[in-house]
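Visitor: Give me a 3D structure for the following:
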Amino acid sequence: MATMKLYELVNFYHIDTDLTCAEAMFRACNEYYGLHLSEETRKMFSVMGIGMQTEVSCCGAFTVAVGIIGLMTAKEGHTDVDNMEGYQLISELTLFMLNQYETLQCAGLQRLEIPGYKRPCHAIVEALAKKLEELLPLKKDTPPSRPKRMCS
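Guide: Below is the predicted model of the structure:
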């Protein structure tokens with residue numbers, strides 16, 4: 001079976017499902033990177049979709065991507081001030097979003113018209129996943145398998 005890209009997993013979980021951008025990004029990253037994150041962790045990220053459920057806050061998919069960067073770059077027993085790799089990657093992801101879309105705010109992103117997409121969120125979440133995969137390439141021998149859609 002062919003290896004699925006992170007953006008393909010995100011699209012699988014996001015397009016034509018009831019999952020928010022944040023939930024789709026979380027599930028896709030958890031599976032793609034083989035993180036084995038708990039149900040409690042999923043719950044923590046579950047309220048980040050739709051701009052932290054307010055539409056006026058930061059994009060939920062972006063917020064989850066930042067959390068994944070932290071998870072994958074932080075060293076055990078170190079404080080966040082020691083995580084220069086994480087800071088650099090988050091800075092790159094932020095600049096990517098601002099250069100592409102000029103905002104990180106959910107409501108501003110939802111107002112965009114992006115040719116070829118029914119909803120701007122689909123394009124934005126896909127682009128974020130592609131950038132995240134570029135920043136955090138898969139570092140394991142076993143490729144992710146085709147997911148089973150489990151919407152909750």
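Visitor: Point out where this structure drops to low pLDDT.
Guide: 1-2, 51, 140-152 (pLDDT under 70).
Visitor: redo that, cut-off 90
Guide: The model of the chain has pLDDT under 90 over residues 1-3, 39, 42-57, 74-83, 118, 137-152.
Visitor: all helices of it, in order?
Guide: 6-14, 21-32, 39-46, 49-52, 60-73, 84-101, 106-110, 120-135 (DSSP state H).
Visitor: Single out the most deeply packed of those.
Guide: helix 21-32 (a mean of 26; mean count of other CB atoms under 10 Å). All C-beta atoms are positioned from the backbone trio N, CA, C, and that covers glycine.
Visitor: And the contacts of that helix?
Guide: Contact with helix 21-32 is made by 4, 6, 9-10, 12-14, 17, 19, 35-37, 42, 45-50, 59-61, 63-65, 68, 121, 124-125, 128-129, 132-133, 138, 144, 147, as judged by CB atoms under 8 Å, 6 or more residues apart in numbering.
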